[in-house]
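Engineer: return atomic coordinates for the entry below.
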Amino acid sequence: MKHIDAGARLSEAVIYGGIAYLAGQVPEDTSLDAYGQTKQVLQFIDNLLEQSNSDKSRILRAEIFLADMSDYAEMNRAWDEWVIAGAAPARSTVEAKLANPEWKVEIVITAACK
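Structural biologist: This next block holds a predicted model:
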């Protein structure tokens, strides 16, 4: 088992059995709209996948949490620009009260490692 960016409360990713389990990724710049926050979160995911010896072509599942479903179209705009067409992972999107009221999106990823 390998922990990436392990802290007292959580690791940003844990790799076990050839699978990378990423913690929920949230934006740092809360001044951004849903599109901008999603793009930032997806960049964080790319970085963690690289550290996990994986990439977005190997994502098995994505769980997306939106603070407000009215941001669904803008989140999807960023997602559609990022995801590999024809190789999109299984995905769910739900509305949820996020830990920081300024966050518009949080994304959890599970991916196969190379």
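
Engineer: check which helix or strand covers the residue at minimal distance from the centre of the chain.
Structural biologist: Centroid-nearest residue in the chain: residue 107, 3.3 Å away (criterion: CA atoms, centre = their mean). Element membership of residue 107, judged by DSSP states H and E, is strand 105-112.

Engineer: which residues touch that strand?
Structural biologist: Under the criterion CB atoms under 8 Å, 6 or more residues apart in numbering, residues 18-27, 34, 37-38, 41-42, 45, 48-49, 52, 54-56, 58-67, 71, 75, 89, 96, 98 lie in contact with strand 105-112. The way it works is simple: take the backbone N, C-alpha and C, and place the C-beta from them, glycine included.

Engineer: just the CA trace of it, in CSV.
Structural biologist: C-alpha atoms of strand 105-112 as CSV (Å, rounded to 0.1, in the frame of the first residue of the first chain):
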residue,chain,number,x,y,z
VAL,A,105,-17.6,21.0,-6.9
GLU,A,106,-15.8,18.0,-5.4
ILE,A,107,-14.6,15.0,-7.5
VAL,A,108,-13.6,11.6,-6.3
ILE,A,109,-11.7,9.3,-8.7
THR,A,110,-10.8,5.6,-8.7
ALA,A,111,-8.2,4.6,-11.4
ALA,A,112,-6.2,1.7,-12.5
